[in-house]
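> sequence isn't available, so here's the structure alone:
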């Protein structure tokens, strides 16, 4: 029997339904990732499943005795509460029952109290809280008010885990967590017994945790068993099929409209049934909910800076006795895409300010390049006036957005610019406070991209953005001619964007020391592999005296050079990939049209097969290109 079943659910805010007669069933032990566009209604659906909100219509059926716990995006706690007391809220019933039993009130039914205590494991609730605090690396005596956003999220998770629910519901659990905490949470959720429903846009996290993907798209829920990569392939095929089906329906409607408007003689003999079919086609076309548009992102790289953006030589930074950075050297060149990796609070923002000249080091030297135009993306959205309208937030005091260079200016009306970021004209005068977290991030991106800049500083830009917008932002940053500094805990986003990584390695477990930073080529996975090798080297026993006397050798054997044949293959792969992509686009355009279905319908199956074959060939070519390039 299913733990939970939602049937024929309807929910609407305004004129667009978020849930449109949809259904969902959840089995014991399933781990479901709920994905979809910003504003599609994912958080509202999660609250319905948690019993915190009710749909406008529909039925939610629960297994008898099902225990559900919901963890919000931004958890709230009582003022002045300690971590131990906050986590203990998860065992509030067991705590109250044991206190009731220990009072020995003759009016109480102690047998019933004892039975319920046994069922809840209430005799040892303190041990459960202590165990969870240890697993979450939290101090029970700390006050929650003094914790960072990531630590508060851990407290909320602890409150949920100590309750030992049958169903755990998490809304954006990775927000404000650093990479180590995200990987720790992955392992915890995979090892945990019980069902899970989570809302997340972190693709690596979803791949590691979820056993099923459920997409909320235009009011409907669609289920995809398996990994996120499998979902992406299936979804692409579905969208192609949907486009073909709608093209055929539009063509049939156009033909019927022409027929019904024929001359008087034709109207005398026309079929009543055919007219009724035309009316039905019109109704279906009006009721159709189109796929949401894509965000259109364009970025002005501003004036070209000098070749060197910043040069750091043996830089150190201290605050009193605390060492944040020690003996760090690096050279940042024009066009570099640099990722900064490290736990919360180790000094990533301080290092960025040193690079950009906003702080002076306590030791060493920093030299900035010339003609730097810096634009910032702030993860805390501190620059947003919540009472301002969207128009004023994007372009205060003007109806026009000015982008481009002095020699080639681009002028766009603010309403048109807002539609590029999926904001309808009807919402242009809505206050910013009415927007969801992802929509506020889109406002920040819209304002950022309206500025000419050759250096972008992006502090957690991926928080709350939906997956489609994340992928478009990746493409934009890859093609951007300027320099990018990216602070992010989204591992896949880092791998897809950055060309080098500056990582904090002050963890003694990996052979690090206080304030130690190091620069690497590549993204997150490259850094992770090299860090692991450093950890292994740190725990190996000391070498024998004879071996120590020998000349030092490289820890890693040099990579084998490519053969002449492999070198020629590597040089030819970009052209082959481009040719395959061009052929795929041409086939997709032909299948999306209507002529082929009337003139050469026999070619359709072959074209569809070729389209799928190209996808496999592209994947193989890209993997081969990456393999040869890494050598």
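It's in. Since the model is a prediction, treat every value here as computed from it, not as a measurement. Numbering: from 1, shown residues only.
> how near is the spatially closest residue to residue 142 that is not a sequence neighbour to residue 130?
Once flanking residues are discounted, residue 142 sits nearest to residue 83: 4.9 Å by CB to CB, 6 or more residues apart in numbering. All C-beta atoms are positioned from the backbone trio N, CA, C, and that covers glycine. As judged by CB to CB, to the nearest Å, residue 83 and residue 130 stand 11 Å apart.
> so the two - more neighbours on which side?
For residue 83 versus residue 130, neighbours defined as other CB atoms under 10 Å are more numerous around residue 83 (26 against 15).
> I figured that one was touching residue 139, is that so?
Yes - taking contacts as CB atoms under 8 Å, residue 83 lies within contact range of residue 139: 6.3 Å.
> who touches both of those two?
Taking CB atoms under 8 Å, 6 or more residues apart in numbering as the criterion, residue 83 and residue 139 both touch residue 133.
> which residues touch the residue nearest to residue 142?
Each residue near residue 83 by CB under 8 Å, 6+ apart is listed here: 133, 138-144, 147, 155, 158.
> what does residue 463 give?
Shown in contact with residue 463 (CB under 8 Å, 6+ apart): 172, 175-176, 379, 437, 441.
> just to revisit the earlier point, what touches both of residue 83 and residue 130?
Common contact partners of residue 83 and residue 130 (CB under 8 Å, 6+ apart): residue 140.
> list the contacts for residue 201?
Contacts for residue 201 (CB under 8 Å, 6+ apart) come out as 35, 172, 462, 464-467, 470.
> part of a helix, is it?
No - assessed with DSSP: H, G, I helix; E, B strand; the rest coil, residue 201 is coil; it does not lie in a helix.
> how about low-confidence regions in the stretch 501-631 of the chain?
The model of the stretch 501-631 of the chain has pLDDT under 70 over residues 508-512, 534-565, 630-631.
> got JSON lines for the contacts of residue 463, with neighbour count, secondary structure and distance to residue 199 too?
What follows is the contacts of residue 463, written out as JSON lines (neighbours: other CB atoms under 10 Å; DSSP: H, G, I helix; E, B strand; the rest coil; distance: CB to CB, whole Å):
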{"residue": "172", "neighbour count": "24", "secondary structure": "coil", "distance to residue 199": "6"}
{"residue": "175", "neighbour count": "22", "secondary structure": "coil", "distance to residue 199": "10"}
{"residue": "176", "neighbour count": "21", "secondary structure": "coil", "distance to residue 199": "15"}
{"residue": "379", "neighbour count": "19", "secondary structure": "coil", "distance to residue 199": "19"}
{"residue": "437", "neighbour count": "17", "secondary structure": "helix", "distance to residue 199": "11"}
{"residue": "441", "neighbour count": "25", "secondary structure": "helix", "distance to residue 199": "15"}
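> just the closest of those residues to residue 583, please.
Proximity of the contacts of residue 463 to residue 583 (CB to CB) peaks at residue 441, which lies at 36.2 Å.
> picking up where we left off before, so which of the contacts of residue 201 are in strands?
Of the contacts of residue 201, the ones assigned to strands by DSSP state E are residue 35.
> and the residue nearest to residue 78 when sequence neighbours are not counted, which helix or strand is it part of?
In space, and not counting its chain neighbours, residue 78 is closest to residue 86: 7.7 Å by CB to CB, 6+ apart. Here residue 86 sits within helix 83-88, counting by DSSP states H and E.
> buried ones in that helix?
Residues 83-84, 86-88 are the ones in helix 83-88 that count as buried (16 or more other CB atoms under 10 Å).
> now those in TSV, with distance to residue 627?
Listed next are these as TSV, based on distance: CB to CB, whole Å:
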residue	distance to residue 627
83	48
84	51
86	49
87	47
88	52
